[in-house]
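Participant: Pasting the sequence and the predicted model now:
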Amino acid sequence: MDQINSRDIDLEGRLLIRKVQEYWEKETCGVRYGGSRDGKEFFLEMERFRYRTEPFIPGFAEFERYQGNQVLEIGVGAGVDFSRWVRGGARAVGVDFSLGAVQHVRGRLETLEPDRTNFALVMGDGESLCFGDGVFDLVYSYGCVHHTPHPMALLREAFRVLKPGGELKAMIYHLPSWTGWLLWSRHCLLKAKPWRLPRQAIFEHLESPGTKAYSMAEARPLFEQAGFDVVEMTPKLGAGDLLAIKLSEKYKGVVNRLFQRLYPRWLVRFFGDRFGVHLLVRAKKPRQTEV
């Protein structure tokens, strides 16, 4: 019976991975914020939007700090951050299970960084990385862990490929958050299902199917069970919390556009980052001690 259950769980995970992959193949994360027909300007528009709405990313990532170091980014998306690793002189490797994302990032680098050769892009699954043990100085995963069916598997792989003393920098979705409450209001409260939780609304309606979110109390043991020493966890307001986003097709109705225009961003900012949907996590792989 246990073996049957394990197979069922594994099959369910594979089916979810396929759904997530199909979602991101339809639209690479972040691409909608580039509207220009000029190739270079198209890529620069995405970069300006990303760092204008989430200005804390460069300080968290510290792109220039890793010059000459081996950096792995799991989930490259539109490649804005990945191109910064390349520009900063890191020996950067990017992994994404979306072929569209890999092709998009390659096009970005060919356009903006045509003379750079200090990078490699791989289509692959973060839950089963194709690298040896102890290869990287830094693993960076901004907004990928919460989309994978088995977050612990991804974190253990990140731990495995890090050098002893290496660092993991990850962003995972956070609860409680304004984004969670917004989705709950739209998909639970207004549909006369107020007993459903913001966590469920996120799982079903935030980006790809099965998206997870964690309180700080839940996040710490998740990383610790993967072997990491958690250094710091910091919530931050994201573009979704402030509705400073370009609405997707399913939210482009008149009512949703009016709500976005009237949304009380001043109130969200008044409460600060404590209810931000982005939880920035810095963790380290312990240094091995000689016996």
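Facilitator: Right, received. Where do you want to start?
Participant: can I assume P221 sits in a strand?
Facilitator: No. Using DSSP: H, G, I helix; E, B strand; the rest coil, the secondary structure at P221 is helix, not a strand.
Participant: tell me which residues in stretch 97-107 are buried?
Facilitator: Within stretch 97-107, the residues scored as buried using 16 or more other C-beta atoms under 10 Å are F97, S98, G100, A101, V102, H104, V105. Glycine gets a C-beta too; all of them are placed from N, C-alpha and C.
Participant: Identify the residues contacting that stretch?
Facilitator: Around stretch 97-107, the neighbours that count as contacts under C-beta atoms under 8 Å, 6 or more residues apart in numbering are 17, 21, 24-25, 28-29, 31, 39, 76-79, 82-83, 94, 96, 121-126.
Participant: Point me to the helix or strand that includes V139.
Facilitator: Taking DSSP states H and E as the definition, one finds V139 inside strand 136-142.
Participant: same question for that strand, mean pLDDT?
Facilitator: Mean pLDDT, computed over strand 136-142, is 98.
Participant: Mind checking what helix or strand follows that strand in sequence?
Facilitator: Immediately after strand 136-142, counting by DSSP H and E, sits helix 151-161.
Participant: Okay, angle between that next one and strand 136-142 too, please.
Facilitator: 160 degrees (axes from the mean of the first three to the mean of the last three C-alpha atoms, to 10 degrees).
Participant: Tell me which other helices or strands helix 151-161 touches.
Facilitator: strand 70-74, strand 136-142, strand 162-173, helix 216-225 (3 or more C-beta pairs under 8 Å, 6 or more residues apart in numbering; DSSP states H and E).
Participant: Only C-alpha atoms, please: export the last one in PDB.
Facilitator: Going back to what we said before, that points to helix 216-225. Only the C-alpha atoms of helix 216-225 are listed here, as PDB (Å, rounded to 0.1, in the frame of the first residue of the first chain):
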ATOM      1  CA  MET A 216       8.200  33.100   8.600                       C
ATOM      2  CA  ALA A 217       7.500  30.400  11.200                       C
ATOM      3  CA  GLU A 218       7.000  27.900   8.400                       C
ATOM      4  CA  ALA A 219       9.800  29.000   6.200                       C
ATOM      5  CA  ARG A 220      12.600  28.700   8.800                       C
ATOM      6  CA  PRO A 221      12.200  24.900   9.400                       C
ATOM      7  CA  LEU A 222      11.800  24.300   5.600                       C
ATOM      8  CA  PHE A 223      15.300  25.600   5.000                       C
ATOM      9  CA  GLU A 224      16.700  24.100   8.100                       C
ATOM     10  CA  GLN A 225      15.400  20.600   7.300                       C
END
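Participant: Could you give the separation of it from the chain centroid?
Facilitator: Mean C-alpha position of helix 216-225 versus that of the full chain (C-alpha atoms, centre = their mean, to the nearest Å) differs by 17 Å.
Participant: what is the rounded mean pLDDT of that helix?
Facilitator: On average, helix 216-225 scores 97.
Participant: can you pull the buried residues of that helix?
Facilitator: Residues of helix 216-225 classed as buried: A219, R220, L222, F223 (neighbour count, 16+ other C-beta under 10 Å).
Participant: coming back round to it: name the surrounding residues that touch the strand holding V139.
Facilitator: 57, 61, 66, 69-75, 81, 85, 90, 93, 126, 154, 158, 161-163, 166-171.
Participant: and F275, how many neighbours?
Facilitator: Other residues within reach of F275, judged by other C-beta atoms under 10 Å, total 18.
Participant: and C144, what does it touch?
Facilitator: Contacts of C144 by C-beta under 8 Å, 6+ apart are I74, G75, G126, L154, A170.
Participant: which residues does the last one bridge with?
Facilitator: What it means is A170. With DSSP bridges as the criterion, A170 is bridged to S141, V281.
Participant: just checking, it touches M233?
Facilitator: No. In this structure, A170 is not within contact of M233 by C-beta atoms under 8 Å, at 10.0 Å.
Participant: neighbour-wise, which of those two wins?
Facilitator: A count of neighbours by other C-beta under 10 Å puts A170 above the other of A170 and M233, at 27 against 18.
Participant: Mind pulling up the pLDDT for the more buried one?
Facilitator: So, for A170, pLDDT stands at 98.
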